[in-house]
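Undergrad: need coordinates for the below:
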Amino acid sequence: QVRTQESGPGLVEPSQTLSLTCSISGGSITANYHYWNWIRQAPGKGLEWMGAIGYNGYTNYNPAHKSRISVSRDTSKNQFILHLDSVTLEDTAVYYCGTKGPHYDYWGQGTQVTVSS
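TA: Now for the predicted structure:
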């Protein structure tokens, strides 16, 4: 059964780049037709989709963040990585990674990221 696990720094300073890694187990990042997603939930707000990378390496981003977001992958490690540039206090949130598709449907437990100086 597929599982995903988020990892990265819990604290990031304003204007820095946030990098989070999602490690996949029990499944393959190249499984057909799957997109591997990052979503987040800021305090007091709803879930926000950030971006995704597909089984074929294709990426898709939330237009609201397109200028400062990228998602990459390392197929040898079965991981995908979120980079978010120029973070502000408004990027403080719990970040989740996961997928929903023909083979797998799973979202990780989430990791808290706080932007603070």
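
Undergrad: who are the packing partners of the lowest-mean-pLDDT helix or strand in the chain?
TA: Taking mean pLDDT, DSSP states H and E as the measure, the helix or strand of the chain with the lowest value is strand 105-107, at a mean of 94. Using 3 or more C-beta pairs under 8 Å, 6 or more residues apart in numbering; DSSP states H and E as the contact test, the elements touching strand 105-107 are strand 3-7, strand 93-100. Every residue, glycine included, has its C-beta placed from N, CA and C.

Undergrad: and of the ones you listed, who's closest to Y58?
TA: strand 93-100 (14.0 Å; C-beta to C-beta).

Undergrad: now that closest one: buried residues?
TA: By 16 or more other C-beta atoms under 10 Å, the buried positions in strand 93-100 come out as A93, V94, Y95, Y96, C97, G98, T99.

Undergrad: picking that back up, could you dump the helices and strands packed on strand 105-107 into a markdown table and include distance to L82?
TA: Listed next are the helices and strands packed on strand 105-107 as a markdown table, based on distance: least, C-beta to C-beta, whole Å:
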| stretch | distance to L82 |
| --- | --- |
| strand 3-7 | 9 |
| strand 93-100 | 7 |
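
Undergrad: and Y104, what's its pLDDT?
TA: The per-residue pLDDT reported for Y104 equals 89.

Undergrad: tell me who's in contact with it.
TA: Listed by C-beta atoms under 8 Å, 6 or more residues apart in numbering, the contact set of Y104 reads V2, G27, A31, H34.

Undergrad: let's see if you can find the most crowded of the residues you listed.
TA: Greatest neighbour count in these, by other C-beta atoms under 10 Å, goes to H34: 24 neighbours.
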